[in-house]
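[1] Just the structure for this:
(2 chains)
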Amino acid sequence: MSRVPHHPVALLVRRSLRQHALSSAVTMAAVALAVGLVMSVFSIKDQARNAFTGGTMGFDAVLGARGSPLQLVLNAVFHLETSPGNIPWSLYEEIRRDPRVALAVPFALGDNYHGFRLVGTTEKLFADFEYRKGRRFEVEPGGRMFDPTRREAVVGSYAARRTGLRVGSTFQPFHGLFFDPDTQHEEEFTVVGVLKPTNSPSDRVIWIPIEGVYRMEGHVLRGSGEVYTPSPHEEIPDEHKEVSAVMLKLRSPAAGMALNQTVNRQGTVATLAWPIAQVMADLFERIGWAHRILTLVAYLVVAVAAGTILASITNTINERRREFAILRALGARRRTVFGTIVAEAAALAGLGSLAGYVVYLAIVATAAVIVRAQTGVVLDVLAWHPVLVAAPAGMTLLGALAGVLPAFKAYATDVASNLAPAS
Amino acid sequence: MSVLEISELTKSYPVPGGGEPRRVTVVDVPRFVVSAGEQVALEGPSGSGKTTLLHLIAGIVAPTSGRIVVAGHDMTALGEAARDKVRARHIGYVFQTFNLLQGCTALENVAMGMAFGTGVEAGRARELLERVGLADRADFLPRQLSSGQQQRVAVARALANRPALVLADEPTGNLDRRRAREALALMREVCAESGAALLLVSHDHDILSQFGRVETMAAINRAFATADGNSPVETR
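    The predicted structure is shown next:
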């Protein structure tokens, strides 16, 4: 035998939702979509902003060819975008020796393997660089870092998973930063290690010795201003070498300000993107309109959901006037009838909001897959954000407010005329 | 001791239309008393003001003038919310069309009878269903019950709040003769067992003949009596 709820409002709300199951389900679906969308927009925006502007990239500044600092950062740090050009090796040496610089790591770009970029660098990246405070790159068991004199590669965790490369695998890179099957190089590299996941753009990179980039078939060097093609078994003079970017760890913020003055204001050869976080923050400011549009769309969906609640309950009011009259005849006060309708609206919104978490998880999980595939940045599907409480609570409140109008209609129900028939 | 005492009660409504504002009186009862535990039948044709009188007694509509005292509460001196409270605590109502809540089970319908007054006692709701012979139908929705069973649920609901007075408005009007007799017998029995007075309105002589005290609307309602036996107005 079924239990009898002690509170009549709870029973009436439950029964009404069941009686109008279809419209209740449609309404809750609309609410779920709205709440899921709002939570996703705010959560993804803040997570993405933190991921792209937070301290997760490990370097303070990037030195590269004269041009846009944003392009430099996107290319060298996030491995997106094209390269703005190269700078001579001498500039790398100069900045490496600068006492204000704690660490300088050269990057040479120009090739890919099935869309995953090959970045030529030195052992310093693995020996000295901390991609997060106290965390250096580590290879999975069974692997090692590359030998800078050989055609060896260390593969980022995501790139390894997507390309199937593992220790012992060999591969031939493709020319250019974007995959073109007709541009495969003849050189064959052997994978000697797979990096443990860092949840950073580095996971999408295949690291090779910088010499490997220089000596790739078809590559020419212009570090001296003249075209130089490296010959096998012949050491490349430093004057001909060039790098795409130099990743810098500075000793202090003051060093960044001073270098900024030297390189960007007084110099004409190179660009210093500093601080990286600010460059990315500027990008987010510039694309802030996109977030505002998404937010507006999400709020519109919320408004539609609230309207759906209003319409769905209002539509039932006329057919339920007798029910209200019966309740009143049983002694229910007008405010009880009013409260029942408001509670029903709030229940629709509340239950829909709970379902909104499923929508949220689906959206964020999908977004995380896309963002990771495109940038290597990992969004945490289960990350805490105040909107996860604020949106369902706000929607439930809005739902209750949407119930006020039909509740007034129920409140005003004339008992005598709805207890038909009269004798 | 009386459980219902009516004196100089009138109810009139404005008559729609142009010209001089006019009102029509549908209830004019100088005096009517029902004692505690008493069972009274009220006879009258359609339009004689029976339903309006019951609505007035229950506090569903406010009178134009006069006094109604139910279980010691002067309904005419109370505001709407207070009348709701008296109705929830002291009055049970049985309707011709049963008026069960269609979304609620039989058990929940009975529970609703006490929800706004004494508070829900699940045990009592089950006992009442058992008393009216529907223990095995507790989880049935009204549409899954026969009309006779629905009326029995309505009777159980009317007694759920341990009322001093049960008002029954043509409670057997939608039942066939055999079921009408059974429902009436049950209603009278359970009212007697619980000590509730019963005021039943009907125009069915078979039903009326079973009551010791039968009042006619023509006798107690001057508004109907002066209308030459015809309905003085629409009462709804």
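[2] alpha carbons only for contacts and neighbour counts from here, please
    Fine.
[3] mind listing the strands for the chain?
    You didn't pick a chain, so chain A it is. Remark: strands assigned in chain A by DSSP state E are A:61-65, A:87-88, A:101-113, A:116-121, A:130-132, A:135-136, A:152-155, A:170-171, A:174-175, A:189-194, A:206-209, A:242-243, A:245-250, A:270-273.
[4] that's the other chain; I wanted chain B
    B:2-15, B:22-35, B:39-43, B:65-70, B:73-74, B:91-94, B:165-169, B:197-202, B:213-216.
[5] Which one of the strands of chain A lies nearest to A:A347?
    Set against A:A347 and scored by C-alpha to C-alpha, those come closest in strand A:130-132, at 45.1 Å.
[6] buried stuff in that closest one?
    A:E130, A:Y131 (16 or more other C-alpha atoms under 10 Å in any protein chain shown).
[7] partners of it in the sheet?
    Strand A:130-132 sits in its sheet next to strand A:135-136 (antiparallel), going by DSSP bridges.
[8] So for the strand it pairs with, mean pLDDT?
    Regarding strand A:135-136, the rounded mean pLDDT is 91.
[9] ok, now stretch A:72-82?
    Stretch A:72-82 shows a mean pLDDT of 89.
[10] what does stretch B:65-83 give?
    pLDDT averaged over stretch B:65-83 gives 95.
[11] Now that stretch - C-alpha only, CSV.
    Extracted in CSV, the C-alpha atoms of stretch B:65-83 (Å, rounded to 0.1, in the frame of the first residue of the first chain):
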residue,chain,number,x,y,z
SER,B,65,-27.2,38.8,6.5
GLY,B,66,-28.1,36.6,9.4
ARG,B,67,-26.1,34.2,11.5
ILE,B,68,-24.8,30.7,11.1
VAL,B,69,-23.2,28.9,14.0
VAL,B,70,-21.3,25.6,13.3
ALA,B,71,-19.9,23.7,16.2
GLY,B,72,-19.9,26.8,18.2
HIS,B,73,-18.2,29.0,15.6
ASP,B,74,-20.2,31.9,14.3
MET,B,75,-19.4,31.6,10.6
THR,B,76,-20.9,35.0,9.8
ALA,B,77,-18.5,36.8,12.1
LEU,B,78,-15.4,35.1,10.6
GLY,B,79,-13.3,36.1,7.6
GLU,B,80,-12.8,33.8,4.7
ALA,B,81,-9.6,32.2,6.1
ALA,B,82,-11.2,31.5,9.5
ARG,B,83,-14.2,30.0,7.8
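[12] Check the gap between B:V34 and chain A for me.
    21 Å (C-alpha to the nearest C-alpha, to the nearest Å).
[13] ok, what's across the strand from the spatially closest residue to that residue that is not a sequence neighbour?
    Distances taken as C-alpha to C-alpha, 6 or more residues apart in numbering or on different chains place B:L4 nearest to B:V34, at 5.0 Å, with adjacent residues excluded. Taking DSSP bridges as the rule, B:L4 bridges to B:V34, B:V70.
[14] Please work out which of the strands of chain B is packed deepest.
    Of all the strands of chain B, strand B:91-94 carries the top mean neighbour count, a mean of 30, counting by mean count of other C-alpha atoms under 10 Å in any protein chain shown.
[15] For B:G123, grab the count of nearby residues.
    For B:G123, the count of nearby residues is 11 (other C-alpha atoms under 10 Å in any protein chain shown).
[16] so what's it scoring on pLDDT?
    92.
[17] With B:Q144 instead?
    Value listed for B:Q144 in the pLDDT field: 97.
[18] List the residues that contact the closest residue to chain B within the stretch 301-423 of chain A.
    Across the stretch 301-423 of chain A, no residue is closer to chain B than A:G331, which sits at 3.9 Å (C-alpha to the nearest C-alpha). Contact analysis of A:G331 by C-alpha atoms under 8 Å, 6 or more residues apart in numbering or on different chains lists B:D84, B:K85, B:V86, B:R87, B:A88, B:R89, B:F116, B:G117.
[19] Provide a list of residues in contact with the last one.
    Yep, that's B:G117 we're talking about. B:G117 touches A:G331, B:K85, B:A88, B:R89, B:N161, counting by C-alpha under 8 Å, 6+ apart.
[20] and of the strands of chain B, who's closest to A:V263?
    Among these, the nearest to A:V263 by C-alpha to C-alpha is strand B:91-94 (91.5 Å).
[21] what's the farthest-apart pair in the contacts of B:G117?
    Top of the distance list for the contacts of B:G117 (C-alpha to C-alpha): B:K85 and B:N161, 11.6 Å.
[22] Between these two, which is the more surrounded one?
    Applying other C-alpha under 10 Å to B:K85 and B:N161 shows that B:N161 carries more neighbours, namely 29 against 19.
[23] B:G113 is in contact with that one, correct?
    Yes. Using C-alpha atoms under 8 Å, B:N161 is in contact with B:G113, at 6.1 Å.
[24] A:M257 and A:I276: what is the separation?
    13 Å (C-alpha to C-alpha, to the nearest Å).
[25] Quickly list what's touching both of those two.
    The contact sets of A:M257 and A:I276 do not overlap (C-alpha under 8 Å, 6+ apart).
[26] who's more crowded, those two?
    Neighbours were counted for A:M257 and for A:I276 using other C-alpha under 10 Å; A:I276 has more, 26 against 12.
[27] Am I right that the more buried one is in contact with A:L63?
    No. If you go by C-alpha under 8 Å, A:I276 and A:L63 don't touch, sitting 10.7 Å apart.
[28] sorry, back to before: of the strands of chain A, which shows the lowest average pLDDT?
    strand A:130-132 (a mean of 88).
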